[in-house]
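> quick one, structure for this:
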Amino acid sequence: MADISSEDSRLDGKVVAIEGWLAECSSLNCSIYASRDDAEKVAAYRELPDDEWMAAFDRGLAIGGGDDAFEMRAMFMGLSKVTVVGEVNATWKAPPDESGTSFACFDRCDDIRPHSITLIL
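Predicted structure coming up:
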């Protein structure tokens, strides 16, 4: 997953399939994680101290807003193992400019611009 989210990723703009664990997928947040443990920590962020879930959050990939079909499927797949197919967007994490200004994304950032999601049984 690190190759996909790095800002110099050679995968930028390519369509990939990523297998991992979905935390929760809502209008403001949707991410996929390499481990179920990380997905569970992020899904429980309201009940946990920041130092218990933020490191896990940083290891995930943000899934941007998809079409209605993607959104409806993903909404019911929280804490499930899934495959997400989508376009890699490594460019939104641009480093700070010469003044130190950098871009931050708070709602549905898009390391991956989703095309589809499939539950892995």
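> how about the nearest residue to Arg59 once chain neighbours are set aside, secondary structure?
Leaving out its chain neighbours, the residue that sits closest to Arg59 by CB to CB, 6 or more residues apart in numbering is Asp38, at 5.7 Å. C-beta: built from backbone N, CA, C; applies to glycine. Going by DSSP: H, G, I helix; E, B strand; the rest coil, the secondary structure assigned to Asp38 is helix.
> give me the most central residue, this protein.
Using CA atoms, centre = their mean, the residue of the chain that lies closest to the mean C-alpha position is Ala62, 2.0 Å off.
> how many neighbouring residues does the residue nearest to that one when sequence neighbours are not counted have?
Leaving aside its chain neighbours, Ala62 sits nearest to Cys109 (3.9 Å; criterion: CB to CB, 6+ apart). When neighbours are defined as other CB atoms under 10 Å, Cys109 has 21 of them.
> right, and Cys109 touches Gly64 too?
Yes: checked against CB atoms under 8 Å, the pair Cys109 and Gly64 is within contact range at 6.7 Å.
> overlap in contacts, those two.
For the pair Cys109 and Gly64, no residue contacts each of them under the criterion CB atoms under 8 Å, 6 or more residues apart in numbering.
> who's in contact with Val36?
Check again: residue 36 is Arg, not Val. Residues counted as contacts of Arg36 (CB under 8 Å, 6+ apart) are 21, 79, 81.
> among the residues you listed, which ones are buried?
21, 81 (16 or more other CB atoms under 10 Å).
> want to try CSV for the contacts of Arg36, with distance to Ala55 and pLDDT as columns?
Formatted as CSV, the entries for these read as follows, by distance: CB to CB, whole Å; pLDDT from 0 to 100:
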residue, distance to Ala55, pLDDT
Trp21, 16, 97
Leu79, 18, 95
Lys81, 21, 97
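> what about the contacts of Arg36, which are in strands?
The subset of the contacts of Arg36 located in strands under the criterion DSSP state E comprises 21, 81.
> I am finished for the moment; much appreciated.
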